[in-house]
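Undergrad: next come a sequence and a model predicted from it.
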Amino acid sequence: NLTGFKAQFRRIFDIEVALTAQEAREKLALKPFHVLLTDQRMPEMSGVEFCESIKDEYPDTVRILVTAYADINTVIDAINKGQVYRYIAKPWQDEDIMIAIKNGVDLAVSRRELRKRTDELQKAYDELNRFIYSASHDMRAPLTSILGVVNLAEQETTDEKMHEYLRMVEVSVKRMEVLNNNVIDYYINNKKQARLEVLDFVEMIDQTVSSLRYY
């Protein structure tokens, strides 16, 4: 059957055949395959079991199940456990097999392209995060220096108008500090796992009121 299948479709597709699940696994490890076509009745394990065993390791390879035993439980297992793309009953029509494999190849190519784009996007996102963190971290020292100079200037002048301008500068710098610290906190929190904890809102409000009391 394997020899006949390969002879029939070898001019259209690049085909590798395997007699057992172990042999198929060894071939999968050697190079990427777009489509895996497996019979339900095989030595060692069933087609559904084999599809299930490789779906995490080869997620982009499209799996097609062929069987003469078209019971509904096999179909459900194929879809749920093995994440099978198509289910073809024997005896098959050559046209059905060709269409299924061609569609499977297109889907596999799309999956790999999407995975590649996703990886590139994630890499760009990580680099942007690192840049933002680094830039925000480097801004801390200049902001602190500006506040220090503002404080010195306030002590050296008695001009009320100048004090007003310096207070405006101080307010703006402190706003920038808050924004800068929020960016750094976001980056740090984004790297950590979410942690659930109980919050005492009464205590939080009391602390906030207390910290602002003298303003």
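TA: Structure's in. What do you need?
Undergrad: quick check: Arg130 is in a helix.
TA: Yes. Counting by DSSP: H, G, I helix; E, B strand; the rest coil, Arg130 is found in a helix.
Undergrad: measure how buried it is and give me the count.
TA: 11 (other CB atoms under 10 Å). (Glycine included, C-beta is placed from N, CA and C.)
Undergrad: what sits closest to Leu107 if chain neighbours are left out?
TA: Nearest residue to Leu107, sequence neighbours excluded (CB to CB, 6 or more residues apart in numbering): Val62, at 5.2 Å.
Undergrad: do I have it right that that neighbour meets Gly104?
TA: Yes. Counting by CB atoms under 8 Å, Gly104 is a contact partner of Val62 at 3.8 Å.
Undergrad: neighbour count: these two, which is higher?
TA: Val62 (25 against 20).
Undergrad: right, and the helix or strand after the helix or strand of the chain at the bottom of the mean pLDDT ranking?
TA: One helix or strand of the chain scores below all others by mean pLDDT, DSSP states H and E: helix 72-80, with a mean of 68. From helix 72-80 onward toward the C-terminus, using DSSP states H and E, the following helix or strand is strand 86-89.
Undergrad: Tyr214 and Gln83, how far apart?
TA: Remark: distance between Tyr214 and Gln83 (CB to CB, to the nearest Å) = 64 Å.
Undergrad: and the helices in the chain, which stretches?
TA: 2-9, 21-30, 47-54, 72-80, 94-156, 160-191, 201-212 (DSSP state H).
Undergrad: tally of neighbours for Leu37?
TA: 22.
Undergrad: how far away is the residue nearest to it when sequence neighbours are not counted from Ser136?
TA: Nearest in space to Leu37, with sequence neighbours left out and distances taken as CB to CB, 6+ apart, is Ile64 at 4.8 Å. With distances taken as CB to CB, Ile64 is found 51 Å from Ser136.
Undergrad: the two: which is more packed in?
TA: Shown here are Ile64 and Ser136; by other CB under 10 Å, Ile64 has more neighbours (21 against 18).
Undergrad: for that one, which residues count as its bridge partners?
TA: Following DSSP bridges, Ile64 is listed with bridge partners Leu37, Arg86.
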